[in-house]
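Visitor: Pasting a predicted model and its sequence here:
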Amino acid sequence: MSIKFGFWSEQETQVGQSYSRRLYELVDEAVFAEKMGFDIVALSEQHLALGGISSSAPEVVYGHLAAKTSRIALRPSVMLMPKNFNHALRSAERAAVIDILSNGRFEMYCGRANTTIAMRAFNVDPSETMAQTQEAMALIREAFTNDVFTFKGEHYDIPPRMLVPKPLQKPYPVMGMAATSERSHKTAGEQGLAVMSHSLYKGWEVQAGLIDIYKSSWKRDPKGPLEKPRIGMPVFIGIAETDQKAKDIYAGPLQHYARISTSGYAKLASVSKDYAYMAEGQDALDSAASDWDFLINESASVVCGSPDTVIRQLERFVDLGIDEVLFHLDSVPHAEIMKAIDLIGRHVIPYFKDRNNVVRSYDDVLEQIRSMR
């Protein structure tokens, strides 16, 4: 099975640096990722975030990248579907335009938001995010596939209308869900959608269970683009020439990200039962934020080391039966991200894509030749 690899960024900007400069750096990173053999560039949609994360308008960036790239798939790692963030029809319109301008390279992964900071600012009710997301995605599929469509639900009541323009890809671009709960994995499977799966640092057993739920629930949508389940997994990565150098550069940023990303889970769980699962497994969440060994070995979320070490660590992710790995390359300066893209493109991607094209040592090849005589 061939694994696809993605470059995933939240446009995180270092303290003391410029948001505008960071945006230009992000474009350079995405263009370089395509050159180095990455299959996907994924940008998260984050609003009013604290700590430097500034990927607030990925669809605008994709319009720019459509002209700057030629091969790589353009995918929001999450397009927020609650109505106050994005009206479903506006999301469909933007997706169609990007798909046309990129010559059919857009993929649409949707989600419901996971921070009270954004939800409260946009007056989004946490108890309605799941229902609004499911309804919005159903409406978008109707708008994509029917010349004239209509839709009636709890949150949307659309009279007969025509989406103009429609996407270039037929029947429509691949659609998926960013999923961290059992419920979201089951929903994605039942609707024949792709999934971007993550256990929220809760470990290999939880992650495997979520993937099993998705696979066992999956039913092909006869009107949809997918013939079989598609599972992507975000992986936080630190990579350098040696294990020690990778740890020196990335351990602090990776632990800091784990700490700030998990710190709000308990609060969100308390405001809506739909998010109660986020506070489960508190021991794992605490360990992810403070225990380096747990983060690397047990969280099913992070790889860090030399290219050889990263390859060895990634084998465990591949063994889960996933189709895509999206490397979260952020939290360090632009120069380090460019080095990481280079190392991944030169060593990691070729190993998983075409091992027969990876140069082996003279002694290793000679030993195999002699053993086959």
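Guide: Yes, it's here. Everything numeric here is computed off the predicted structure, so don't read it as measured data.
Visitor: I figured residue 301 was touching residue 197, is that so?
Guide: No - here residue 301 lies out of contact with residue 197, judged by C-beta atoms under 8 Å, at a distance of 11.3 Å. All C-beta spots, glycine's among them, are computed from the backbone N, C-alpha and C.
Visitor: and residue 346, how many neighbours does it have?
Guide: 13 (other C-beta atoms under 10 Å).
Visitor: list the contacts for the closest residue to it other than its chain neighbours?
Guide: Counting by C-beta to C-beta, 6 or more residues apart in numbering, residue 346 lies nearest to residue 36, which is 7.2 Å off, once chain neighbours are set aside. Applying C-beta atoms under 8 Å, 6 or more residues apart in numbering to residue 36 gives the contacts 341, 342, 344, 345, 346, 349.
Visitor: Only whichever of those are buried, select them in ChimeraX.
Guide: This is how ChimeraX selects the buried members of those, with burial counted by 16 or more other C-beta atoms under 10 Å:
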select :341,344,345,349
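Visitor: isn't residue 255 right up against residue 289?
Guide: Yes - counting by C-beta under 8 Å, residue 255 does reach residue 289; the two are 6.8 Å apart.
Visitor: Secondary structure, distance to residue 359 and pLDDT added to the contacts of residue 36, as JSON lines?
Guide: Shown next, in JSON lines, are these (DSSP: H, G, I helix; E, B strand; the rest coil; distance: C-beta to C-beta, whole Å; pLDDT from 0 to 100):
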{"residue": "341", "secondary structure": "helix", "distance to residue 359": "20", "pLDDT": "98"}
{"residue": "342", "secondary structure": "helix", "distance to residue 359": "16", "pLDDT": "98"}
{"residue": "344", "secondary structure": "helix", "distance to residue 359": "17", "pLDDT": "98"}
{"residue": "345", "secondary structure": "helix", "distance to residue 359": "15", "pLDDT": "97"}
{"residue": "346", "secondary structure": "helix", "distance to residue 359": "11", "pLDDT": "96"}
{"residue": "349", "secondary structure": "helix", "distance to residue 359": "14", "pLDDT": "97"}
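Visitor: Tell me which helix or strand comes right after the helix or strand hosting residue 160.
Guide: With secondary structure defined by DSSP states H and E, residue 160 is part of strand 157-161. Beyond strand 157-161 on the C-terminal side, the first helix or strand identified by DSSP H and E is strand 175-179.
Visitor: Each with direction, which strands does that following strand pair with?
Guide: Here strand 175-179 has these sheet partners by DSSP bridges: strand 108-111 (parallel), strand 194-197 (parallel).
Visitor: who's in contact with the last one?
Guide: For strand 194-197, contacts defined as C-beta under 8 Å, 6+ apart pick out 77-78, 107, 109, 174-180, 184-185, 188-189, 207, 210-211, 214, 226, 229-234, 322, 326.
Visitor: do the first one as well
Guide: When contacts are defined by C-beta under 8 Å, 6+ apart, strand 108-111 is touched by residues 42, 75-81, 91, 95, 133, 136-137, 140, 173-179, 194, 196.
Visitor: try it again with 7 Å
Guide: 75-81, 95, 133, 137, 173, 175-178, 196 (C-beta atoms under 7 Å, 6 or more residues apart in numbering).
Visitor: Of these, which one scores lowest on pLDDT?
Guide: For those, the weakest pLDDT value sits at residue 77, with 90.
Visitor: angle of whatever helix or strand that one lives in against strand 175-179?
Guide: Taking DSSP H and E as the definition, residue 77 sits inside strand 73-80. Here the directions of strand 73-80 and strand 175-179 differ by 50 degrees (axes from the mean of the first three to the mean of the last three C-alpha atoms, to 10 degrees).
Visitor: Off-centre distance for strand 73-80?
Guide: How far strand 73-80 lies from its chain's middle: 7 Å, per C-alpha atoms, centre = their mean, to the nearest Å.
Visitor: Which neighbouring elements make contact with that strand?
Guide: strand 40-44, helix 58-68, strand 108-111 (3 or more C-beta pairs under 7 Å, 6 or more residues apart in numbering; DSSP states H and E).
Visitor: Show the buried residues in the contacts of strand 194-197.
Guide: Here, 16+ other C-beta under 10 Å leaves 77-78, 107, 109, 174-180, 184-185, 188-189, 207, 210-211, 214, 229-234, 322, 326 buried among those.
Visitor: Run a quick neighbour tally on residue 90.
Guide: 10.
Visitor: Make residue 1 into 568 and carry on from there
Guide: Happy to do that; since the first residue is 568 now, the last one works out to residue 657.
Visitor: my read is it is in a strand, agree?
Guide: No - assessed with DSSP: H, G, I helix; E, B strand; the rest coil, residue 657 is helix; it does not lie in a strand.
Visitor: Report the separation between it and residue 710.
Guide: According to C-beta to C-beta, to the nearest Å, residue 657 and residue 710 sit 11 Å apart.
Visitor: How about residue 795?
Guide: Distance, residue 795 to residue 710, using C-beta to C-beta: 25 Å.
Visitor: The two: who's more crowded?
Guide: Just comparing residue 795 and residue 710: by other C-beta under 10 Å the higher neighbour count belongs to residue 710, 26 against 9.
Visitor: for the helix or strand hosting the more buried one, packing partners?
Guide: In this structure, residue 710 sits in helix 696-712 according to DSSP H and E. Packed against helix 696-712 by the contact rule (3+ C-beta pairs under 7 Å, 6+ apart) you find helix 655-668, strand 675-678, strand 716-719.
Visitor: What secondary structure category should be reported for the residue nearest to residue 798 when sequence neighbours are not counted?
Guide: Spatial nearest neighbour of residue 798, excluding adjacent residues (C-beta to C-beta, 6+ apart): residue 889 at 4.6 Å. The three-state assignment at residue 889 reads coil, by three-state DSSP.
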